[in-house]
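A.B. asks: Got a predicted structure plus its sequence, pasted below:
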Amino acid sequence: MSSQLLGWRDLPIGAVAFLSSKEYPTGEWAVFQPKIDEKKCIKCGLCWMYCPDGAYRWDGESVPVPDLDHCKGCGICEVECPTKAIQMVRV
C-alpha cells in the first residue's frame, strides 16, 4: 500500500479532510489574517470555539491569540465576534 498523500484534485467530491491544519502551515498562503482589538474583546472565546482549524490559543481568561502559522484567514472568527473586536486584514 502506498503512503503517498493525494492532492486535492485526486479527492472524490464530498471528501473530508482527516488531518487538522495544525499539521500543515497555512500562514504563507493566507490572504487575510485576524487582528484583535484587545480593548473591544470581552474574552468570550467564540473565536476560539468557531475556528474550524483550531488556530486560536486561549487559556479561558485572557484575549485569545490567533496562530498565524496555521490560520487560513477564513474570517469566521470576525463574523462570530459579538463585539466586532476582530478585523480581517490583508497580509
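C.D. replies: Happy to help now that I have it.

A.B. asks: hey, let's count contacts and neighbours off CA atoms from now on
C.D. replies: OK.

A.B. asks: Pull the number of nearby residues for Asp37.
C.D. replies: Using other Cα atoms under 10 Å, Asp37 is surrounded by 13 other residues.

A.B. asks: Could you pull up the contacting residues of the residue nearest to it when sequence neighbours are not counted?
C.D. replies: Counting by Cα to Cα, 6 or more residues apart in numbering, the nearest residue to Asp37 once its immediate chain neighbours are dropped is Ala85, at 5.0 Å. Residues near Ala85 by Cα atoms under 8 Å, 6 or more residues apart in numbering: 36-41, 78.

A.B. asks: Need the per-residue pLDDT for Ala85.
C.D. replies: What the model reports for Ala85 is a pLDDT of 98.

A.B. asks: all helices of this protein, in order?
C.D. replies: According to DSSP state H, the chain carries its helices in the segments 46-50, 76-80.

A.B. asks: and the first one, which residues are buried?
C.D. replies: This means helix 46-50. Of the residues in helix 46-50, those buried under the neighbour-count criterion (16 or more other Cα atoms under 10 Å) are 46-48, 50.

A.B. asks: circling back: of the helices of the chain, which approaches Val16 most closely?
C.D. replies: Distance to Val16, taken as Cα to Cα, is lowest for helix 46-50 among the helices of the chain, at 18.0 Å.

A.B. asks: same for the closest one, what does it pack against?
C.D. replies: The contact analysis (3 or more Cα pairs under 8 Å, 6 or more residues apart in numbering; DSSP states H and E) places helix 46-50 against strand 56-57, helix 76-80.

A.B. asks: Of these, which is nearest Val31?
C.D. replies: Across the helices and strands packed on helix 46-50 (criterion: Cα to Cα), the nearest stretch is helix 76-80, sitting at 14.1 Å.
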